[in-house]
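1. return a 3D structure for these sequence lines:
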Amino acid sequence: MSLTVAAPSAMAAQGCISIPTFCAWEQPYAKGDVYNLVDPEASRCYNLDGARRSFVNDTLYTAMVYNAPNCSSLLFTTLLPRGFINEALPHYSVRFLPI
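-> Got it, this is the predicted structure:
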């Protein structure tokens, strides 16, 4: 299991369409195709439409971003609300937890 906690960031979320939204890009630093997940439900797993390497969490939930589809791996990154993170390894799914 991997745990990375990202603190809030002032980086602009280019491509995010509204708030509350979780955004995931194909490449680090919000580059490439963006996947927007608007107003996610707590405890539900969402697949991210392919490999993603940078994330903005503008939801009220903690996001657990997994390196396998269906939130099925033991390796994940934890992203706090209002946080931004870049990852070297691709991630494929996310689950939201109440804080």
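2. CA only for contacts and neighbour counts going forward, please
-> Will do.
3. and the residue nearest to Asp39 when sequence neighbours are not counted, how many neighbours?
-> Distances taken as CA to CA, 6 or more residues apart in numbering place Pro20 nearest to Asp39, at 5.2 Å, with adjacent residues excluded. Neighbour count of Pro20, defined by other CA atoms under 10 Å: 18.
4. likewise for Ser18?
-> Neighbour number of Ser18 under other CA under 10 Å is 14.
5. let's have the chain start at 47 instead
-> Sounds good: first residue 47 from here, last item Ser64.
6. ok, it touching Asp85?
-> No: Ser64 lies out of contact with Asp85 (CA atoms under 8 Å); the separation is 9.0 Å.
7. and Tyr107, how far from Leu135?
-> The span separating Tyr107 from Leu135 equals 23 Å under the rule CA to CA, to the nearest Å.
8. got the confidence number for Gly61?
-> Here, the pLDDT recorded for Gly61 equals 76.
9. so who does the residue lying closest to it once chain neighbours are set aside touch?
-> Take Gly61 and drop its neighbours on the chain: the residue closest to it by CA to CA, 6+ apart is Val80, 6.4 Å away. The contact partners of Val80, taken as CA atoms under 8 Å, 6 or more residues apart in numbering, are 61-62, 69-72.
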